[in-house]
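> got a structure for you, letters missing:
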């Protein structure tokens, strides 16, 4: 899954940080019996990353592209995943698409993009 892909998808200077972020919640719960006083801060961006990973794995396993998942995939790279883009061409495409939706929230993006993607697949 994503942990194995980190070196190929993430900028070299962000690789270690990404690995730590992915393991943060699991490590917290794994060591909860020893670290009674520790507090885990919920980070929505980590959930966004895990959702992206699940979407990729679903597509790999089934070969199917579900419209809702495809829209989330694009949203991820426009929003929370943007800071991890390594490829300059992908970065250029992201900037062009972002100009079309300059201040779009996730809900707004889904409301606009999902009907478009769904109509292509029907």
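Cool, got the structure. On a predicted model such as this, the values are computed, not experimentally measured, just so you know.

> hang on, residue 98 packs against residue 78?
Yes. Using CB atoms under 8 Å, residue 98 is in contact with residue 78, at 5.8 Å. From N, CA and C alone the C-beta is placed, and that goes for glycine too.

> Between the two, which is the more surrounded one?
residue 78 (19 against 15; other CB atoms under 10 Å).

> Show the backbone phi and psi for that one.
phi -80, psi -30 (degrees, to the nearest 10).

> correct me, but it touches residue 109?
Yes. Contact status for residue 78 versus residue 109: in contact at 7.1 Å, counting by CB under 8 Å.

> Next, show the common contact partners of the two.
Residues touching both residue 78 and residue 109 by CB atoms under 8 Å, 6 or more residues apart in numbering: residue 101.

> ok, the closest residue in space to residue 120 that isn't next to it in sequence - contacts?
Nearest in space to residue 120, with sequence neighbours left out and distances taken as CB to CB, 6 or more residues apart in numbering, is residue 67 at 8.0 Å. Going by CB under 8 Å, 6+ apart, residue 67 touches 114, 117-118, 120-121.
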